[in-house]
Each structure stands twice: as structure tokens, then as C-alpha cells.
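Enquirer: heads up, no residue letters with this:
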């Protein structure tokens, strides 16, 4: 049995069904995808969660393993430019071609292209070792990392240096610093607290590229869903799990809205905190309230889904509004835990690339402002931020469009809690700081209950689509190992 039909739950289900297990997924919502659901309203289509398609190789390898290709399910286009960054004084379009990226660096700061080449060479090494050796371990014991290749590469992986120190040493231009620091925002920690290991994200960005599945990110989740059905996985939608039954040191059954269900193994890919503190009986809890309260959270999000009845020249598919102070907004999120005064924000306009997601002559906007997890919200406050964001966009674009907004929906902390049981309403899980990496994250296998496992962004390897998918694969492998032991 699996709780949750997000990418980690579906990846685990596919792996297990492919090796002969009967698998059933319980999902509280009406459709698949977890945070990767999509929504249609008044002729517009919106991806509700993830909007960046990075690391295409990781997804392709998964489908290849199961005799498929992502191209069996959707068409993938590489975006060029990858994205646009708006600064207070000008903008940068991030080219898809490496030579063009180097030219932009050199134009902004003489000598910086040489640093970038060296930086990305190291980032490639981290990506290759990190994605093949490091993140695929279950992280249940330090002994897993006593592997010659990992030990010999620890120095080069730069776990103890911050990514900010490496970037600041290499470039002085503030725009270039922001550009190189932006990918770690996905990891949910300040660049000064993020290990330099995660420059692997810069390699993913600049070398592997930003892609888009025609029809929206929902196509990726739909591909997982279709592959799961092909493998015989059963889905129970609108069937929330209410409790997990334990006898001694074994999981025995779960109770959902549809009744009591017995399984040999259980994977919870639902919110880890919710499973640990609500679904499990008190005596089976692994972590105390004090433990959860002391976790450093990745940001929450204030999201707006807007439909606009006109074209919006000046916006690309992905747009980063860095025309405010990066450090100040980061401090509001991670140190002061308060609503930001002058926020950075991100705008996705997939209608720039895909005319199937908005009526002719219209645009669909997904606007995301990172906020501290767990903030209290109200409608007036959300409207105030929408007004501020639209004002900033209009000032940068040089025209007004607020009168043309014909659809608006917001999604914030309380929605993350009600829709996904999200701990503190977080959007991205735990911050990827050194003291919350690998074996220091909540475990993928229950400490005492031998047939209960966990997957998803609050566990190892952490936030983001590829890591969440990999967490599902890790738990599936642990179960496959158990079943092969017992069949011998």
C-alpha cells in the first residue's frame, strides 16, 4: 500500500509493480500528481505546483528502465532563452548555449567566464557523483557513504563550504552573483547556508537546460500515472487515509475513508510530519514535537494563478523579478520569519510557449512569491501583495494590464495545509542545509516498524522533482531487498 499519488508515490508504485508486487495508492484528492496537479478554469490551464523541467536525463532514465521513453507520453522542448531575470537596472536573458552564457558573463565582468568554466566543471563532477552515488543511497547509516569513490570525492564535493563563498570568491558583479545563486532557491536555504555541493544545480540549469513538456508540467505527472496503470497499479482517489494500524513491530493495516485495508508493506509518500504525528499511533511516533519544531524549513509560497485577456510583451516563459534586495528577502524568510517588505518573485507564463493553455490572445500567469513557512495569512494581505507584484511588473514592462485580469485564484499556507497536510504549510520541504542532509533527514525507513517506509520531499534526498522521484525509487528498492531476502 502507498499513501499519496505525488511523483514519489507513483515512482515507488511503478518500481514495485514492475517487480511483481500488487500495489494500491490511496489519494485524498480527486486526481493524481500531489503538488503537481493541474487546474482548468475559464479556458485557462495552470500547473498548480512545479513549473521548471530540469534534469531531463533523470526522468528519461526512469522511463527507459521500464521500457518506455518520456517521448511516448509528451513532446519536450528546450527553452531558449531559458529564463529572463529582471534587475533594478536592466535584465539578463539566460541563453541556452554555453558560449552565449560565457559572453554575457564576460560582458558584465572581465575574466568571469574563466571562473564560470571552472565552476561548472566542478559542478558537473558534483552532479555526476551526487546524482549517481550520493542521493541514491537510503541514508539509513553513515556506513553507506564509506565507499571509496564517495570518500575520495568528499573534498571535491565541497560539503563544508557554502555555495555563496564559492560564488562570491569567483565573481564580484551583483547581477552575476544573483544569477548563480538563484538555483539554490529551489533547495530552500540561503546561499550562505547551502553546501557548495549544490552547485550541481547550476550545471543542471546552464548545461542540461530548461525544458517544457508541451501541454504543461502536468504531462510529466500524467506519464507517471499512465505508466503506473500499465504496470497494474490501482488508484483510490478521494480516499484519505485516516490511521495506520500497528501490531508489535509490524504495520498490519491502514484505515481509509473506504474501509480497512491490509498490506505486507506500507510506503507513506504523504507529508512525513502528518504521517508521524497524526496517522501513526502515539507509541509508534519516531520524532518528538520538539524535533519537528527545530527543523529548518524551506520556504512556503504565496501563489497567484491569473488569466489575462491580452498579450503581455516583455515576459518570457520563465521570469525572475530580482529587482529587490536578494539578501533582505532571504533574511525575511529564513531569519526573521516575517512577511517580506520588498519581495523577489517568479512569474511563469507558459502561454508564451504553448497556445493550448490560454484562449487565443490571452495569457496565463503563475506568480510565486517565496515566504517563510507557517506565516499567518488573510485575504487583505494577499490582495496587498498581488497589488504590489502587479505594480512592479507594470513598471518593468512599461504598460498596465491589471484591468485585463479576468481570472484570479490565490494559493498559500492554509491551502498547502488543507490540500496536502503540509507541515507548517511548506511548499518545498526541509531546507537543504548541511545539518539536514542525508542521514540527518527524517528516515526513509521507520526506526522500529520494519515494514513501514517513507518517501517524498521531507525525507532523503530532499526537495525538488528529481529528488522526490528518487526517494520513491529508494524505498521501493528497500522493499524489493526485503522480499528477496524472505523468498530465499
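Expert: Thanks, I have it. Remember, it's a predicted structure, so these values are computed and weren't measured experimentally. Numbers count the residues shown, from 1 in each chain.
Enquirer: Burial check on residue 344, number of neighbours?
Expert: Applying other C-beta atoms under 10 Å, we find 22 other residues in the vicinity of residue 344. Backbone N, C-alpha and C define where each C-beta goes, glycine included.
Enquirer: I'd guessed residue 310 sits against residue 403; true?
Expert: No. Applying C-beta atoms under 8 Å, one finds residue 310 not in contact with residue 403, separated by 9.3 Å.
Enquirer: Those two: which is more packed in?
Expert: residue 310 (14 against 9).
Enquirer: thought residue 82 was touching residue 207?
Expert: No. Using C-beta under 8 Å, residue 82 makes no contact with residue 207, being 11.1 Å away.
Enquirer: More neighbours: which of those two?
Expert: Ranked by neighbour count (other C-beta under 10 Å), residue 82 and residue 207 place residue 82 first, with 21 against 13.
Enquirer: Distance check, the spatially closest residue to that one that is not a sequence neighbour against residue 73.
Expert: With C-beta to C-beta, 6 or more residues apart in numbering as the criterion, residue 82 has its nearest non-adjacent residue at 3.9 Å, and that residue is residue 210. Shown here: residue 210 relative to residue 73, a distance of 19 Å by C-beta to C-beta, to the nearest Å.
Enquirer: Comparing those two, which residue is more hemmed in?
Expert: Applying other C-beta under 10 Å to residue 210 and residue 73 shows that residue 210 carries more neighbours, namely 22 against 19.
Enquirer: what's near enough to touch the more buried one?
Expert: Residues in contact with residue 210 (C-beta atoms under 8 Å, 6 or more residues apart in numbering) are 52-54, 78-79, 82-83, 94, 96, 318.
Enquirer: all helices for the stretch 251-400 of the chain, in order.
Expert: 272-274, 289-293, 326-334, 379-397 (DSSP state H, counting those that start in this stretch).
Enquirer: quick one, which of those helices is packed in tightest?
Expert: helix 272-274 (a mean of 22; mean count of other C-beta atoms under 10 Å).
Enquirer: Report the distance from that helix to the chain centre.
Expert: On the basis of C-alpha atoms, centre = their mean, to the nearest Å, helix 272-274 sits 17 Å off its chain's mean C-alpha point.
Enquirer: Show me what it packs onto, helices and strands only.
Expert: Packed against helix 272-274, as judged by 3 or more C-beta pairs under 8 Å, 6 or more residues apart in numbering; DSSP states H and E, are no other helices or strands.
Enquirer: Pull the residues that contact it.
Expert: Counting by C-beta under 8 Å, 6+ apart, 292, 421, 423, 442, 454, 456, 458-459 sit against helix 272-274.
Enquirer: mind redoing it with 10 Å?
Expert: 3-4, 241, 268, 280, 286-287, 289, 291-292, 295, 417, 420-424, 426, 429-430, 441-444, 454-459 (C-beta atoms under 10 Å, 6 or more residues apart in numbering).
Enquirer: from those, which ones fall inside strands?
Expert: 3, 241, 268, 454 (DSSP state E).
Enquirer: now that we have these, which one has the most neighbours?
Expert: residue 268 (30 neighbours).
Enquirer: Now do that one against residue 9, distance only.
Expert: In terms of C-beta to C-beta, residue 268 sits 9 Å off from residue 9.
Enquirer: what touches both of these two?
Expert: 2-3, 26, 455-456, 475.
Enquirer: Quick check: which ranges of the stretch 151-300 of the chain have low pLDDT?
Expert: 151-155, 186-187 (pLDDT under 70).
Enquirer: rerun that using 80 as the cut-off
Expert: 151-160, 184-189 (pLDDT under 80).
Enquirer: Done for today, thanks.
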